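> Need coordinates for the below:
(one chain, ligands or ions: 3)
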Amino acid sequence: MTTRRRFTLTQYLIEQRRRFPSASGDFNALVLDVALACKAIARSVAFGELTGVLGNPVVDVATSLNVQGEEQKRLDVISNEYFTQMTEWGGHLAGMASEEMDEPYQIPDTLQRGKYMLVFDPLDGSSNIDVNVTVGSIFSILRAPQEVIDSGRDVVEADFLQPGAQQLAAGYALYGPTTMLVLTVGNGVAGFTLDPNLGQFMLTHPTMTVPEDTQEFAINASNSRFWEAPVKRYVDECLAGKTGPRGKDFNMRWIASMVAEAHRILMRGGVFMYPRDTKDASKPGRLRLLYEANPVGMLIEQAGGRASTGREPMLAVRPTSLHQRIGLVFGSKNEVERIERYHAEPQAFKDERNPLFAERSLFRD
Ligand code: AHG
Ligand code: MN
Ligand code: MN
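Ligands and ions are numbered 1, 2, ... in the order given. All right, here's what the predicted structure looks like:
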């Protein structure tokens, strides 16, 4: 049997760097540090109960909530530590921010500081960890403001509040049947599979693209009573299937690990929605802008799909806070554009209390 020649992540990054002849290599080194953190997390996840890493932290349950007020799992904490430990010493970072840290993380004084900022969700879908379902890590790389680079000062929240369009790179690692790293450095999307024998991410999916059309959608339907009218309309139309206004049957999926849903959509298309809803007025959406919506948005758009709030392109949103939540719709272009159209022409749905405007009669003829 002949073995197949495959590129490693390192080789891929070197190839990509040829587009920027003046690049120092710092950026590549940073991505490799992130990949190392992901490999470490993959090992922890794989050992599961054997090493006692499942469940909540040993501390009092009352204190094991993160800044979002969500339950923090032991592996959330461990994964966060891998990210900070593996990336802080390289000299490439001005600072970091994470779902699991209330405030920006400062590179210790004893270490060199650099020109990039790393923003991450160390473990996405962590409610799935105890039931052995795919989880992942999501990351985004930003350039630090010039004045931060020049002064070497501590980073503050405002430094991170950059629109997604300014991301230099974004990616995720997926801890599923295989461990994968999916990455964009602004030149398409490439997928790498961890070869457990070599401990190397090998390029297995050189050009990931999201098909423009789909018949598969993902949404947590238990929230349907809180959805806004355009979302209700879209889902109703999908559910109506062949005999409804869409004239085709749709399939539905919900893993509750957004990172795994993003991967499915990158592999075979689909649309994912965690839209803004009326469930809790203090939370304009469930997912976080800086380390969930923006990196996934960049990946999806680099793969030819679309990411949106429903009202505007995700990557155009000006962040207002580090842990800001936002409504998120992403996936196959034609479906996301349709959902945006439904948001743009909501007049007919404005007065839902008026029985004359019962949705069904409005759009089903
Ligand atoms: P995290 O584990 O980082 O808090 O994120 C979980 C997110 C996302 O991955 C998933 O799509 C969503 O929460 C699941 O929400 P429901 O619990 O409403 O299904
Ligand atoms: Mn998450
Ligand atoms: Mn998380």
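> Tell me the confidence at the residue in the stretch 251-365 of the chain that ligand 1 sits nearest to?
Closest approach between the stretch 251-365 of the chain and ligand 1, counting by CB to the nearest ligand atom: residue 258, at 3.5 Å. In short, each C-beta sits where N, CA and C put it, glycine included. pLDDT recorded at residue 258 is 98.
> From residue 181, how far out is the spatially closest residue to residue 227 that is not a sequence neighbour?
Among residues not flanking residue 227 along the chain, residue 277 sits closest, at 5.4 Å (CB to CB, 6 or more residues apart in numbering). Distance of residue 277 to residue 181, given as CB to CB, to the nearest Å: 32 Å.
> quick one, which of these two is more surrounded?
Each of residue 277 and residue 181 has its neighbours counted (other CB atoms under 10 Å); residue 181 has more, 25 against 19.
> what's in contact with the helix or strand residue 343 falls within?
Here residue 343, judged by DSSP states H and E, is contained in helix 333-344. For helix 333-344, the external contacting residues (CB atoms under 8 Å, 6 or more residues apart in numbering) are 210, 212-214, 217, 228, 230-231, 233-234, 271, 273, 304-308, 310-311, 329-330.
> Which members of those occur in strands, if any?
Here DSSP state E is the test, and the contacts of helix 333-344 give 217, 271, 273, 306-308, 329-330 as lying in strands.
> so where do the helices sit in the stretch 1-150 of the chain?
Along the stretch 1-150 of the chain, counting by DSSP state H, counting those that start in this stretch, helices occupy 9-17, 26-47, 74-88, 146-151.
> For ligand 3, which of those is the nearest?
Closest of those to ligand 3 is helix 74-88, at 5.8 Å (criterion: CB to the ion).
> is ligand 3 contacted by that closest one?
No - Helix 74-88 stays clear of ligand 3 (CB under 5 Å from the ion), getting no nearer than 5.8 Å.
> Look up how far residue 144 lies from the residue in the stretch 101-250 of the chain that ligand 2 sits nearest to.
The minimum distance from the stretch 101-250 of the chain to ligand 2, using CB to the ion, falls at residue 124 (3.5 Å). Remark: distance between residue 124 and residue 144 (CB to CB) = 24 Å.
> picking that back up, so what's the spatially closest residue to the residue of the stretch 251-365 of the chain closest to ligand 1 that is not a sequence neighbour up against?
Distances taken as CB to CB, 6+ apart put residue 124 closest to residue 258, at 5.9 Å, once the chain neighbours are dropped. Residue 124 makes contacts with 135-138, 172, 257-259, 292, as judged by CB under 8 Å, 6+ apart.
> In strands only, show me those residues.
Using DSSP E, 135-138, 172 are the members of those that sit in strands.
> Neighbour count and distance to ligand 3 added to the residues you listed, as JSON lines?
Below are the ones in strands among the contacts of residue 124 laid out as JSON lines (neighbours: other CB atoms under 10 Å; distance: CB to the ion, whole Å):
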{"residue": "135", "neighbour count": "28", "distance to ligand 3": "8"}
{"residue": "136", "neighbour count": "30", "distance to ligand 3": "9"}
{"residue": "137", "neighbour count": "27", "distance to ligand 3": "8"}
{"residue": "138", "neighbour count": "29", "distance to ligand 3": "8"}
{"residue": "172", "neighbour count": "27", "distance to ligand 3": "11"}
